[in-house]
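Chemist: Here is a sequence together with a model predicted from it:
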Amino acid sequence: MKEYLLIALALLGVLILGGIGLVVPRLRRRPEPPLPRTEVDTRAEEGLAGPPVQAPEAELSTGVLVEPPPVVAPPAVEVPEPTAGRLVRLRSRLSRSQTVFGKGLLGLLSRDRLDEDVWEEIEDNLITADVGIDATREIVDRLRERTRVLGTRTAAELRALLAAELVNALDPGLDRSLRTAPKEGVPAVLLVVGVNGAGKTTTCGKIARVLIADGRSVLLGAADTFRAAAADQLQTWAGRVGAETVRGPEGADPASVAFDAVKRGIDTGVDTVLVDTAGRLQNKVGLMDELGKVKRVVEKHGPIDETLLILDATTGQNGLEQARVFTEVVNVTGVVLTKLDGTAKGGIVIAVQRKLGIPVKLVGLGEGPDDLAPFDPAQFVDALLGTDAPGPTA
Ligand SMILES: Nc1nc2c(ncn2[C@@H]2O[C@H](COP(=O)(O)OP(=O)(O)OP(=O)(O)O)[C@@H](O)[C@H]2O)c(=O)[nH]1
């Protein structure tokens, strides 16, 4: 009986050991559990997910499909084009004005006889190109005098004379730099003003790109609370270059949004805060009140460094009258002339500077994100005349 008991125990021992031997290798082969779902998503969102993982053969054979984590590309941040040389690159956009200046004026000047009729035609051309009456008279008087003194006139000489007079009318000595650098860790503040549709929001977006291309960090304030789409539009521009936007609800007080934007810019330590404003002109008193308040409230943080007036070049002399209202309300330090690609009246640049006494600092030459160029009188005139290769900057 005792022997039977011993044999039974021995058999039991053998069975237990055999069982363990069978189970352990199976446990060792068990694949690692997949990453929890959220972790996979996060890794994918961050662009960290590697190539799709091959499931172990044992699992494939059982028909269980292991889906590779979805690879979601992070939103691409665009790298804007450098600003140097933009006016030269975009010179063909002035082709409509080139017809008037390059072909028209140079053609008239190279006539065999420069009699009274020809000089009148030259005057008409300049006035049609929106140069303005006073500036036209000055340019024509000086050209008449110089061609008389010069006597012989080659095509190259005439081009040089005309170019010199146009550059001179554009006052090349004016300071056209944008004050965008932070001072003692406080961001520079730029206020963007102008009538509806002049291209304010678009230009704000383009300026942000200009600044980012030049190595600055930017925050955009959507103080055009009159039109909700304007804030969306601004946010889209900002998102493309990875800049932050501060906005309020539709109809919010523009001054408070502008104030919050500058405060946020100070807190986050950006270089420049750009504030887009609304430009309703149907009521001059209302506009004055609103813009005046934006200015006062923003200046609680410190002085505004630059106030840019956005002007649509296609509105010509009428636009100039409207623009004057803004110069009465805020201290405009620079003009951005937009849509020069859509007009033959490139002479408006001369009229704007003379009438407002404010330098044109930037020009818009298209709807593309980098179609905004720093203004340079000599390069601009070269582009207008459109024949020779552009010379060095003034
Ligand atoms: N061709 C051309 N179009 C431009 C230029 N700048 C702006 N635009 C266009 O002008 C239109 C109006 O531009 P917005 O930026 O919305 O004008 P806004 O002044 O902000 O208008 P509101 O928000 O209504 O005050 C848009 O279709 C722009 O693409 C430019 O330099 N050339």
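Modeler: Nice, I can see it.
Chemist: Can you report how many residues neighbour residue 344?
Modeler: Neighbour count for residue 344, taken as other C-beta atoms under 10 Å: 18. C-beta coordinates here come from the backbone N, C-alpha and C atoms, glycine included.
Chemist: Give me the three-state assignment for it.
Modeler: coil (DSSP: H, G, I helix; E, B strand; the rest coil).
Chemist: residues in contact with it?
Modeler: 96, 97, 99, 100, 129 (C-beta atoms under 8 Å, 6 or more residues apart in numbering).
Chemist: Need the contact partners of stretch 232-245.
Modeler: Under the contact criterion C-beta under 8 Å, 6+ apart, stretch 232-245 has outside partners 75, 77-78, 80, 201-202, 204-206, 208-209, 212, 217-222, 224, 231, 247, 264, 268, 270, 276, 369.
Chemist: What residues sit buried inside that stretch?
Modeler: If you call a residue buried by 16 or more other C-beta atoms under 10 Å, then stretch 232-245 has these buried ones: 233, 234, 235, 237, 238, 240, 241, 243, 244, 245.
Chemist: picking that back up, would you turn the contacts of residue 344 into CSV with distance to residue 170, pLDDT and neighbour count?
Modeler: CSV is the format used below for the contacts of residue 344 (distance: C-beta to C-beta, whole Å; pLDDT from 0 to 100; neighbours: other C-beta atoms under 10 Å):
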residue, distance to residue 170, pLDDT, neighbour count
96, 19, 85, 14
97, 14, 86, 27
99, 20, 84, 13
100, 16, 83, 21
129, 13, 91, 25
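Chemist: quick revisit: which of the contacts of stretch 232-245 fall in helices?
Modeler: Among the contacts of stretch 232-245, the members falling in helices are 201, 202, 204, 205, 206, 208, 209, 212, 231, 264, 268 (criterion: DSSP state H).
Chemist: could you pick out which of those are near the ligand?
Modeler: Among the ones in helices among the contacts of stretch 232-245, the ones lying near the ligand by C-beta under 6 Å from any ligand atom are 201, 202.
Chemist: Which of the ones in helices among the contacts of stretch 232-245 are buried? Put it as a PyMOL command.
Modeler: Here is the PyMOL command that picks out the buried ones among the ones in helices among the contacts of stretch 232-245, judged by 16+ other C-beta under 10 Å:
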select buried, resi 201+202+204+205+206+208+209+212+231+264
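Chemist: Of all pairs in the ones in helices among the contacts of stretch 232-245, which one spans the longest distance?
Modeler: 202 and 268 (24.6 Å; C-beta to C-beta).
Chemist: In helices, which of the buried residues of stretch 232-245 fall?
Modeler: Judged by DSSP H, helices contain the following of these: 233, 234, 235, 237, 238, 240.
Chemist: is it possible to export these to TSV including distance to the ligand and pLDDT?
Modeler: TSV is the format used below for those (distance: C-beta to the nearest ligand atom, whole Å; pLDDT from 0 to 100):
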residue	distance to the ligand	pLDDT
233	6	92
234	9	93
235	13	93
237	9	90
238	14	92
240	14	89
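Chemist: list the contacts for residue 161?
Modeler: 109, 143, 146, 147, 150.
Chemist: Compare these and tell me which has the most neighbours.
Modeler: Ranking the contacts of residue 161 using other C-beta under 10 Å puts residue 143 first, with 22 neighbours.
Chemist: Please identify which helix or strand holds that one.
Modeler: helix 133-150 (DSSP states H and E).
Chemist: What is that helix packed up against?
Modeler: Contact here means 3 or more C-beta pairs under 8 Å, 6 or more residues apart in numbering; DSSP states H and E; on that basis helix 133-150 packs against helix 116-128, helix 155-169, helix 348-356.
Chemist: Measure how the shortest one sits relative to helix 116-128, angle-wise.
Modeler: I take that to be helix 348-356. If you take axes from the mean of the first three to the mean of the last three C-alpha atoms, to 10 degrees, helix 348-356 sits at 80 degrees to helix 116-128.
Chemist: does the ligand sit close to the helix or strand following helix 348-356?
Modeler: Going down the chain from helix 348-356, the next helix or strand is strand 360-364, by DSSP H and E. Yes - shown here: strand 360-364 in contact with the ligand (C-beta under 6 Å from any ligand atom) through residue 364.
Chemist: Give the buried residues for the helix or strand encompassing residue 107.
Modeler: Assigned by DSSP H and E, residue 107 falls within helix 106-109. Neighbour counts over helix 106-109 (16+ other C-beta under 10 Å) mark 106, 108, 109 as buried.
Chemist: wait, what's in contact with the spatially closest residue to the last one that is not a sequence neighbour?
Modeler: Nearest in space to residue 109, with sequence neighbours left out and distances taken as C-beta to C-beta, 6 or more residues apart in numbering, is residue 158 at 4.7 Å. Taking C-beta under 8 Å, 6+ apart as the definition of contact, the neighbours of residue 158 are 106, 109, 110, 147.
Chemist: Also residue 143?
Modeler: So residue 143 contacts 109, 122, 161, 162, 165 (C-beta under 8 Å, 6+ apart).
Chemist: separation between it and the ligand?
Modeler: Using C-beta to the nearest ligand atom, to the nearest Å, we find residue 143 at a distance of 30 Å from the ligand.
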